[in-house]
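# Show me how the following folds:
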Amino acid sequence: MRFHLQIMMTILVPAVSLFASEPTVNSVRPKIGLALSGGGARGGAHVGVLRVLEELNIPVDYIAGTSMGAVIGGLYAAGLTPDELAVELTETDWEEVFKDTQPRARKSFRRKQEEREDLFSFDLGLGRSGFKIGSGLITGRKLNALLRTKTLHIRDLDTFDQLPVPFQAVATDLATGQPVVLDRGDLVTAIRASMAIPAVFRPVKLDGRILVDGGVVQNLPVETLRAMGADIVIAVDVSTPPGSGLDDPNALMVARQSVDLMSYQNIIVSRGLIRDRDILITPDLKDMAAFDFGKLHDIIAVGRVAAQACLDRLKPLGIDPADYETHRERLETFGKRRHEAIIIDQLEIRGLTRIDPKPLAAKLAGLEGTTLDWENLRRDLVRLSNLGEFQEFGFRVEKEGETDRLVIELGEDERGPGFLRLGLRLRSELRGNGEFTILANYRRTMVNRFGAEWKTRASFGDLNSIDSEFYQPFGFTSPWFASGRITWRHDLDEVFGMESSRVEATTRRTLARAELGRQIGYSTEIRTGVYAGGLNVQEDEADFTPGNTSVDLAGFSFRVVADHMDHVDFPRRGSLVHLEFTSSQESLGADENYEKAELNLVQALSWGRGNLMGRLRFDTEIGSGVPYYDRFNLGGLFNMSGLSHDALQGQTAGFAQLLYYRRLTDLPPVLGLGLYAGLGLEAGNVWDGLDFVDSNDLKTGFNGFLGAETILGPMFLGYGRTEGEDSFHFVLGHVFNPPNGR
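Residues are numbered from 1 along each chain as shown. Modelled structure (predicted):
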């Protein structure tokens with residue numbers, strides 16, 4: 001009997017043990033982690049992989065991402081579906097996201113007018129310690145705003161483990177070169193730090209460290225994912241192989257390639273950590289570069305194909321559809337919080353050191369107690385950015401108990417408060433006339449707590465001048481202002497001698513102005529004030545008798561400028577109105593009484609792939625005649641193009657032009673933006689006064705040109721013919737500004 005019992009126990013005990021162990025094996029499934037590498041636009045392939053994982057009912061328990069992998073992984077962990085991610089990626093204007101500058105319509109009036117000066121598009125910080133350059137070409141503020149609008153529902157989490165899918169982003173400590181795993185704090189800041197490409201995006205300062213792109217040290221975060229607790233790793237490598245995509249490199253591509261070279265070795269190390277149970281997915285992206293954001297539809301599809309090629313290994317990781325539905329519902333429920341209304345209970349402005357935040361806070365006080373509306377907030381942020389020199393401006397919503405606090409984050413330009421811009425003006429005609437002038441512009445912002453600005457521009461060459469203005473708003477946020485301005489100009493001009501013959505003379509003009517004004521919105525400015533100064537004319541020829549060669553100048557002026565153009569030189573739409581009235585008054589100290597008015601109108605519109613621009617100019621004396629030193633000129637490219645520069649001079653000038661042009665192609669980024677070609681019709685003339693204007697006297701002509709937006713400014717090569725005369729022109733500088741460069 002004992003023998004039989006022993007045999008039965010030998011058989012039953014293992015069977016019972018086996019029976020008891022089966023539920024344990026089936027109920028404790030392996031934890032699956034998703035490692036998403038960086039790769040710029042190539043990271044769109046991650047979305048295609050996510051779609052396949054969802055179709056196979058594969059739950060993702062952990063996500064670790066680097067750079068673009070952190071963007072996709074972080075947003076997915078926050079509840080966005082693969083379809084929503086695909087829409088966001090493909091419908092976003094990434095070219096605009098990677099620009100720090102606002103569209104011209106949103107720039108302040110003063111910055112718009114600065115664009116009309118012949119200055120280079122880039123500037124340098126200049127202070128007591130010398131020149132200062134920024135820590136990155138792009139601050140990333142538009143990317144911040146884009147990410148922020150998708151993650152407003154995440155404002156009450158202590159760590160990223162509390163997301164529906166625990167998430168970590170990898171960045172690099174710029175000081176030590178060590179990886180930094182970001183698993184708590186602000187999700188958008190973590191993502192931005194992970195993709196701060198060195199020398200392209202401004203580094204992120206966080207907890208006393210300066211962080212840059214995680215691809216420098218761990219582009220495929222397998223090690224981070226394993227530390228999170230993943231039993232099985234699905235690693236998606238979309239990194240760019242060194243040497244690819246360099247057929248037509250620009251600054252961004254060069255910087256991205258530098259990161260790729262640094263990350264190549266750590267990619268090899270990360271791949272070496274792949275175990276037998278892990279799955280490595282490498283989408284075939286050989287024809288897609290890191291900045292091919294225009295190909296995101298195709299890139300997402302390539303990611304899907306790559307995941308489907310691994311179906312044999314992926315399918316066993318799927319779970320019961322009912323269980324997966326529970327997992328999916330948890331993600332979707334969290335994601336739906338994005339659409340919940342947020343009531344702003346409190347408002348706070350952070351990040352300012354030189355600027356008093358109180359006036360800015362007062363400007364936004366009306367937001368408290370209202371529902372957060374992104375479009376309205378964006379407009380408010382643009383208005384704030386135009387009030388000061390802010391390198392960064394963004395927002396976040398913080399939850400404290402039951403209170404939702406809207407935090408406006410403003411970062412003053414680290415190079416300021418002084419800025420230097422250089423420029424160049426070049427004009428040449430085959431008949432020998434020309435001009436070469438170098439310009440330097442220094443702008444000192446925040447001179448006082450009311451937002452004063454001191455701006456001085458100097459030119460050297462054929463035109464020597466100094467123009468210095470102190471611009472004082474009545475309050476930091478006030479549209480009213482006062483301006484004091486001093487101008488000295490030394491030039492070689494053509495003036496009238498005896499019998500209306502024209503001779504060259506050296507002129508020196510000094511002028512001081514005191515003005516009051518108001519800005520209306522972003523596009524309009526009204527000024528009025530008084531001026532006083534003097535003019536000296538020197539010419540050795542004996543027959544030079546224009547009258548007084550030393551003239552006292554004084555009077556008052558009124559000016560309105562409404563600038564709605566979307567581009568200074570090659571606009572597609574918009575209008576410009578420039579109206580100025582000047583009255584010279586002996587009672588104020590002038591040698592002569594006279595009055596003049598100047599009107600300049602421009603209207604641009606797009607027409608198919610081309611553009612039309614109409615221009616109308618009319619300048620005249622008003623009943624009293626204008627002395628020789630203040631007469632009006634015509635002649636030069638786009639200003640009676642068949643004539644030489646300022647060939648016509650008179651008491652009244654009228655000019656009309658219709659110009660058609662179109663963009664031919666983009667220029668290599670190292671040279672500029674675009675190449676244009678156009679044709680125009682012109683009509684105009686000058687007369688001895690308003691009473692002598694006769695349309696029968698109009699001179700007519702045409703012009704043709706090639707134009708380019710270059711890094712040095714607009715460049716034009718043109719030909720014109722007017723009433724039997726013709727001229728070739730080369731111009732580096734703006735040509736559609738109001739007369740006399742005002």
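# From here on, just use CA atoms for contacts and neighbour counts.
Fine.
# From G411, how far off is P357?
12 Å (C-alpha to C-alpha, to the nearest Å).
# so how far is A190 from V568?
Distance of V568 to A190, given as C-alpha to C-alpha: 38 Å.
# If you count surrounding residues, which of those two has more?
Neighbour tally, V568 and A190, criterion other C-alpha atoms under 10 Å: the higher count belongs to A190, 25 against 20.
# I figured that one hits A169, correct?
Yes. Counting by C-alpha atoms under 8 Å, A169 is a contact partner of A190 at 6.4 Å.
# overlap in contacts of these two?
Taking C-alpha atoms under 8 Å, 6 or more residues apart in numbering as the contact definition, A190 and A169 share the neighbouring residues L182.
# ok, then the element right after the strand ranked longest in the chain?
Looking only at the chain and at elements set by DSSP state E, the strand with the highest residue count is strand 502-520. Counting by DSSP states H and E, the next helix or strand C-terminal to strand 502-520 is strand 524-538.
# If you count contacts, what does that following strand end up packed against?
Based on contacts counted as 3 or more C-alpha pairs under 8 Å, 6 or more residues apart in numbering; DSSP states H and E, the elements that strand 524-538 packs against are strand 502-520, strand 550-563.
# I would like the residues contacting the shortest one, please.
Contacting residues not belonging to strand 550-563 are listed as 109, 112, 511, 523-537, 575-586, 588-591 [C-alpha under 8 Å, 6+ apart].
# What pairs with it, parallel or antiparallel?
The strands that strand 550-563 pairs with in its sheet are strand 524-538 (antiparallel), strand 574-584 (antiparallel) (by DSSP bridges).
# what angle do it and strand 502-520 make?
For strand 550-563 against strand 502-520, the angle between stretch directions is 40 degrees (axes from the mean of the first three to the mean of the last three C-alpha atoms, to 10 degrees).
# So for strand 550-563, what gets flagged as buried?
551-563 (16 or more other C-alpha atoms under 10 Å).
# Which entries within the contacts of strand 550-563 meet the buried criterion?
Burial by neighbour count, 16+ other C-alpha under 10 Å: within those this picks out 109, 112, 511, 523-537, 575-585, 590-591.
# need the helices for the stretch 151-300 of the chain, in chain order.
When secondary structure is read from DSSP state H, counting those that start in this stretch, the stretch 151-300 of the chain shows helices at 187-194, 222-228, 251-272, 296-308.
# and among the ones you listed, the most buried is which?
With neighbours defined as mean count of other C-alpha atoms under 10 Å, these peak in mean count at helix 187-194, which reaches a mean of 27.
# can you list contacts of it?
Contact with helix 187-194 is made by 66-67, 70-71, 74, 140, 144, 147-148, 151, 154, 160, 169-172, 182, 203-204, 211-215, as judged by C-alpha under 8 Å, 6+ apart.
# which SSE is R421 in?
For R421, the secondary-structure element it belongs to, assigned by DSSP H and E, is strand 418-429.
# Quick check: what element follows that strand along the chain?
The first helix or strand that comes after strand 418-429 along the chain, using DSSP H and E, is strand 434-444.
# can you state the direction angle for that following strand and strand 418-429?
Calculated by the same axes, to 10 degrees, strand 434-444 forms an angle of 170 degrees with strand 418-429.
# May I have the strands that pair with strand 434-444, each with its orientation?
Each strand paired with strand 434-444, and its direction, by DSSP bridges: strand 418-429 (antiparallel), strand 453-461 (antiparallel).
# lowest-confidence stretch among those?
By mean pLDDT, the lowest-scoring of the strands paired with strand 434-444 turns out to be strand 418-429, with a mean of 90.
# mind saving the C-alpha coords of that one as PDB?
Included here for strand 418-429 are C-alpha records, laid out as PDB according to Å, rounded to 0.1, in the frame of the first residue of the first chain:
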ATOM      1  CA  GLY A 418      22.100  96.500 -27.200                       C
ATOM      2  CA  PHE A 419      22.000  95.200 -30.800                       C
ATOM      3  CA  LEU A 420      24.100  96.000 -33.800                       C
ATOM      4  CA  ARG A 421      23.200  95.400 -37.500                       C
ATOM      5  CA  LEU A 422      25.300  96.100 -40.500                       C
ATOM      6  CA  GLY A 423      24.100  96.800 -44.000                       C
ATOM      7  CA  LEU A 424      25.200  97.600 -47.500                       C
ATOM      8  CA  ARG A 425      23.700  99.700 -50.300                       C
ATOM      9  CA  LEU A 426      25.000  99.400 -53.800                       C
ATOM     10  CA  ARG A 427      23.700 101.000 -57.000                       C
ATOM     11  CA  SER A 428      25.400 100.900 -60.400                       C
ATOM     12  CA  GLU A 429      24.400 101.900 -64.000                       C
END
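# That one: how far from the chain's middle?
Averaged C-alpha coordinates place strand 418-429 at 22 Å from its chain's average position (C-alpha atoms, centre = their mean, to the nearest Å).
# List the buried residues in stretch 154-167.
I154, R155, L157, T159, F160, D161, L163, P164, V165, P166, F167.
# Would you mind measuring the gap between the ends of it?
Taking C-alpha to C-alpha as the measure, stretch 154-167 stretches 13 Å from start to finish.
# Need the mean per-residue confidence for that stretch.
Averaging pLDDT along stretch 154-167 gives 89.
# Let me see the contact set for L690.
Shown here is L690, whose contacts under the criterion C-alpha under 8 Å, 6+ apart are T620, E621, I622, G623, Q651, T652.
# and the third one, how many neighbours does it have?
When neighbours are counted by other C-alpha under 10 Å, I622 registers 19.
# Show the pLDDT at it.
Looking at I622, its pLDDT is 92.
# Next: the last one.
The predicted local confidence for T652 comes out at a pLDDT of 94.
# thinking it is in contact with G684, fair?
No. Here T652 does not reach G684: they are 10.7 Å apart, not a contact under C-alpha under 8 Å.
# Which of the two has more residues huddled nearby?
T652 (27 against 23).
# Might you report the residue contacts of the closest residue to the more buried one other than its chain neighbours?
Of all residues not flanking T652 in the chain, T620 sits nearest, at 4.1 Å (C-alpha to C-alpha, 6 or more residues apart in numbering). Contacts of T620 were listed using C-alpha under 8 Å, 6+ apart, and they are K596, A597, E598, F632, Q651, T652, A653, G689, L690.
# Then I299?
Here I299 is in contact with A41, R42, G44, A45, L285, M288 (criterion: C-alpha under 8 Å, 6+ apart).
# Just the buried residues of these.
Applying a neighbour-count criterion of 16+ other C-alpha under 10 Å, the buried members of the contacts of I299 are A41, R42, G44, A45, L285, M288.
# where does the fourth one land in three-state SS?
The reference is to A45. The three-state assignment at A45 reads helix, by DSSP: H, G, I helix; E, B strand; the rest coil.
# which residue sits closest to it, ignoring its sequence neighbours?
Excluding its sequence neighbours, the residue lying closest to A45 (C-alpha to C-alpha, 6+ apart) is G303, at 3.9 Å.
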